[in-house]
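S.K.: Need a 3D model of the following:
(2 chains)
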Number of protein chains: 2
Amino acid sequence: MPELRKDPILGRWVVIATERVRRPGDFARPPSARRGGPCAFCAGHEFETPPEVLAYRDGPARPDAPGWRVRVVPSKFPALRVEGDLERRGEGIYDVMNGIGAHEVVIESPEHDRELGRLPVAAVEEVLRAYRDRIADLKRDDRFRAVLVFRNRGVEAGATLEHPHSQLVATPVVPLVVADELHHSRAYHDYRERCLFCDILRQETEDGTRIVVESERAVAFVPFAARLPFETWVLPRRHAAAFEQSRDDDLRDVAATLRTVLGKLDRTLADPPYNLVLHSAPFGVGESPSYHWHFEILPRLSGLAAFELGGGFYVNPVPPEDAGRVLRGTAPS
Amino acid sequence: MPELRKDPILGRWVVIATERVRRPGDFARPPSARRGGPCAFCAGHEFETPPEVLAYRDGPARPDAPGWRVRVVPSKFPALRVEGDLERRGEGIYDVMNGIGAHEVVIESPEHDRELGRLPVAAVEEVLRAYRDRIADLKRDDRFRAVLVFRNRGVEAGATLEHPHSQLVATPVVPLVVADELHHSRAYHDYRERCLFCDILRQETEDGTRIVVESERAVAFVPFAARLPFETWVLPRRHAAAFEQSRDDDLRDVAATLRTVLGKLDRTLADPPYNLVLHSAPFGVGESPSYHWHFEILPRLSGLAAFELGGGFYVNPVPPEDAGRVLRGTAPS
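M.R.: You can find the predicted model right below:
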């Protein structure tokens, strides 16, 4: 059973594996990803994954067989374990609990080589619906406080499997970045009685210089203080704190916008490695007037050094206005 | 002039370059570091760097000539610029100021291939004295609020130059990670009237399982909630908030301990890439009873993915007790 330990100096929970360490040499260099399919996530290889927890299929539904469009399975190497109690406890001045959580993989396509940004819009929409369905289900487990949804594209962005997939991790604590966002957006709301994200959307669409693409119900833009070159956020225009409460029409437009942005990044930056992360209100926060769910796309064009990792200080060599102009000008596919 | 822009959602200041962006393709892949010396940081090449701001020499002091042991020069590619006023201002809902600061390079040895962990203890001590002297000097500039000292070892850790060096960046805002540490350690002190770091030192030395090395005035240990495998912190036993106020005897023992830890990491993990960062109280905090300066060593054995970067959630596959045991057992050089 992994442990969740709290760093008392930063208030950050860390998942600590508790299996005995292998030889130290095993950690000297990361393993490289195997290239080329087919793999355990490909159609026809369903028996190589744990039994599915969700799949969208045409026709009669036989689980763990081909015919699916999107398929969700538990991770074979879960960061957190689903069985057990939290058992919150102290160890002297430290705080610990059992590493309880759920770790699932959203296989975005039965095909090994169909990247998310190159799927039809309807398929991207189904990926987002799979997120929504799974979050809604995991929310019923009262040990969980939040679900973090993310995807790593490319080895430099931490991907260890090539087949396009996202991951969901349900956690018994609120992820630190989401907690910090909640804190600041709540303080803003206390002061102005307006949603910070809605205000940002208003200023960005009026200003226009950092906009990447706009549609009726969604907006993509490079944030004013982007920490990474070509960082791009996608937000629904309609205020909503929790992703799992999003409406179909909003989801459809966000899917189309997200796909457009990923396509533009691929064309502009030659298929860059990137991280995609969904920030959504934790469970229990519910219909918050101050929080607003959104996707963040973080291209990983260069490594992070001590200034960023140890200081929390980023230097972005590409002005967000230039990134916006370049991405805006890239023709959609 | 670069800009400092504040991310309103995370409260994080980001340095934004304002030179026009080059072709987008320039950002598709990071440049690789040139291998092998001699380089601009080597003895005899002093004319290739900006004029030195500090050097430790034997005999008569002729600046920017060979004969130095440690040499500090302004960065040729500074993240922040030293000339000008902050001009704090708003842009709609956003906050901006000019990118004012100082960015200096501490050349740790005249030799191209002498890594910090392989220098004599007296030489490591001089590197720390150079940090202290430069911080004390930069502190007199009342535009600056803090100095972040760090070093990147290896390309995977963000190093772009091979010659052993550290960097100092004086900033007009407090780095986010230091601000978060201050916040939590102050809350702890408010509640218990004790320094959190002193309490951690007490528990770690009593427990012993995560200790890497102890000396009379310094302790190195793997933190209880280490976010990365083999992460190690080095603290002076004596409570002190600001590094620039550290006493010679403390600095000497910290230097010896730091060198021992770096040597152990090199032997255990085959010269791993790592980041080293000095966390010290910002200017104006002064003799705080709640903050305690320290070094953090962050080995970079695998890349950071969306879970860490986008969620602030780390999974550490090596239990800190195992890392402590392995490093403790590695004979010092």
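S.K.: Report the buried residues of the helix or strand that contains A:His184.
M.R.: Using DSSP states H and E, the element containing A:His184 is helix A:176-192. By neighbour count with 16 or more other Cβ atoms under 10 Å in any protein chain shown, helix A:176-192 contains the buried residues A:176-182, A:184-186, A:188-189. Quick note: C-beta positions are derived from backbone N, CA and C, even for glycine.
S.K.: Go through those residues and name the one nearest B:Arg247.
M.R.: Taking Cβ to Cβ as the measure, B:Arg247 lies nearest A:Leu176 of these, at 34.9 Å.
S.K.: Am I right that A:Tyr72 falls within a strand?
M.R.: You called it Tyr, but residue A:72 is Val. Yes. Checked against DSSP: H, G, I helix; E, B strand; the rest coil, A:Val72 lies within a strand.
S.K.: which bits of the stretch 51-200 of chain A sit near chain B?
M.R.: A:79, A:91-94, A:148, A:150-152, A:155-159, A:167, A:169, A:171, A:175-178, A:180-181, A:184-185, A:188, A:196-197, A:199-200 (Cβ under 8 Å from any Cβ of the partner chain).
S.K.: Buried among those? Make that a ChimeraX selection.
M.R.: Command for ChimeraX, covering only those of these found buried under the criterion 16+ other Cβ under 10 Å:
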select /A:79,94,148,150,151,152,155,156,157,158,159,167,169,171,175,176,177,178,180,181,184,185,188,196,197,199,200
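S.K.: Strands - which of the residues of the stretch 51-200 of chain A next to chain B land there?
M.R.: A:91, A:94, A:148, A:150-152, A:167, A:169, A:171 (DSSP state E).
S.K.: out of the buried residues of helix A:176-192, what pair is the most spread apart?
M.R.: Farthest pair in these (Cβ to Cβ) is A:Leu176 and A:His189. Separation: 20.2 Å.
S.K.: What residue in the stretch 151-300 of chain A comes nearest to chain B?
M.R.: A:Gly158 (2.5 Å; Cβ to the nearest Cβ).
S.K.: show me what contacts that residue?
M.R.: A:152, A:275, B:302-308 (Cβ atoms under 8 Å, 6 or more residues apart in numbering or on different chains).
S.K.: In JSON lines, list those residues along with secondary structure, distance to A:Phe313 and pLDDT.
M.R.: Formatted as JSON lines, these follow (DSSP: H, G, I helix; E, B strand; the rest coil; distance: Cβ to Cβ, whole Å; pLDDT from 0 to 100):
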{"residue": "A:Asn152", "secondary structure": "strand", "distance to A:Phe313": "24", "pLDDT": "95"}
{"residue": "A:Asn275", "secondary structure": "strand", "distance to A:Phe313": "19", "pLDDT": "96"}
{"residue": "B:Ser302", "secondary structure": "coil", "distance to A:Phe313": "22", "pLDDT": "86"}
{"residue": "B:Gly303", "secondary structure": "coil", "distance to A:Phe313": "20", "pLDDT": "85"}
{"residue": "B:Leu304", "secondary structure": "coil", "distance to A:Phe313": "16", "pLDDT": "89"}
{"residue": "B:Ala305", "secondary structure": "coil", "distance to A:Phe313": "21", "pLDDT": "90"}
{"residue": "B:Ala306", "secondary structure": "helix", "distance to A:Phe313": "20", "pLDDT": "88"}
{"residue": "B:Phe307", "secondary structure": "helix", "distance to A:Phe313": "21", "pLDDT": "87"}
{"residue": "B:Glu308", "secondary structure": "helix", "distance to A:Phe313": "17", "pLDDT": "89"}
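S.K.: Quickly name whichever of the residues you listed is closest to B:Asp248.
M.R.: B:Leu304 (37.4 Å).
S.K.: Could you export the buried residues of helix A:176-192 to CSV, including columns for pLDDT?
M.R.: Compiled in CSV, these are given as follows (pLDDT from 0 to 100):
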residue, pLDDT
A:Leu176, 92
A:Val177, 93
A:Val178, 94
A:Ala179, 93
A:Asp180, 93
A:Glu181, 96
A:Leu182, 95
A:His184, 95
A:Ser185, 96
A:Arg186, 96
A:Tyr188, 96
A:His189, 96
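S.K.: Can you name the next helix or strand after the helix or strand bottoming out on mean pLDDT in chain A?
M.R.: Least confident helix or strand, chain A: helix A:306-309 with a mean of 88, by mean pLDDT, DSSP states H and E. Going down the chain from helix A:306-309, the next helix or strand is strand A:314-316, by DSSP H and E.
S.K.: before we move on, back to that, now for the ones in strands among the residues of the stretch 51-200 of chain A next to chain B: which two are most distant?
M.R.: Across these, the longest distance by Cβ to Cβ is 34.6 Å; it joins A:Glu91 and A:Arg151.
S.K.: Show me the shaky parts of the stretch 1-150 of chain A.
M.R.: Residue ranges of the stretch 1-150 of chain A with pLDDT under 70: A:19-34.
S.K.: ranges for the strands of it?
M.R.: Using DSSP state E, counting those that start in this stretch, the strands of the stretch 1-150 of chain A run over A:3-7, A:12-16, A:54-57, A:68-74, A:89-91, A:94-98, A:102-107, A:146-153.
S.K.: The fourth one packs against which elements?
M.R.: Same thing as strand A:68-74. Counting contacts by 3 or more Cβ pairs under 8 Å, 6 or more residues apart in numbering or on different chains; DSSP states H and E, strand A:68-74 packs against strand A:54-57, strand A:102-107, helix A:121-138.
S.K.: Quick one: residues in contact with the shortest one.
M.R.: Counting by Cβ under 8 Å, 6+ apart, the neighbours of strand A:54-57 from elsewhere in the structure are A:61, A:63, A:67-72, A:126, A:129-130, A:133-134, A:137.
S.K.: Same check on the longest one?
M.R.: Outside of helix A:121-138, the residues within contact range by Cβ under 8 Å, 6+ apart are A:53-54, A:56, A:69-70, A:72, A:102, A:104, A:106, A:108-109, A:116, A:119, A:144, A:147, A:149, A:166, A:168, A:170, A:243-244, A:246, A:251-252, A:254-256, A:258-259, A:278, A:280.
S.K.: mind running it again at 7 Å?
M.R.: With Cβ atoms under 7 Å, 6 or more residues apart in numbering or on different chains as the test, helix A:121-138 has contacts from A:54, A:56, A:69-70, A:72, A:102, A:104, A:106, A:108-109, A:116, A:144, A:147, A:149, A:166, A:168, A:170, A:243-244, A:246, A:251-252, A:254-256, A:258-259, A:278.
S.K.: For the helices and strands packed on strand A:68-74, give me CSV that also has mean neighbour count.
M.R.: Formatted as CSV, the helices and strands packed on strand A:68-74 follow (neighbours: other Cβ atoms under 10 Å in any protein chain shown):
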stretch, mean neighbour count
strand A:54-57, 17
strand A:102-107, 24
helix A:121-138, 20
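S.K.: That's all I had, so thanks and see you.
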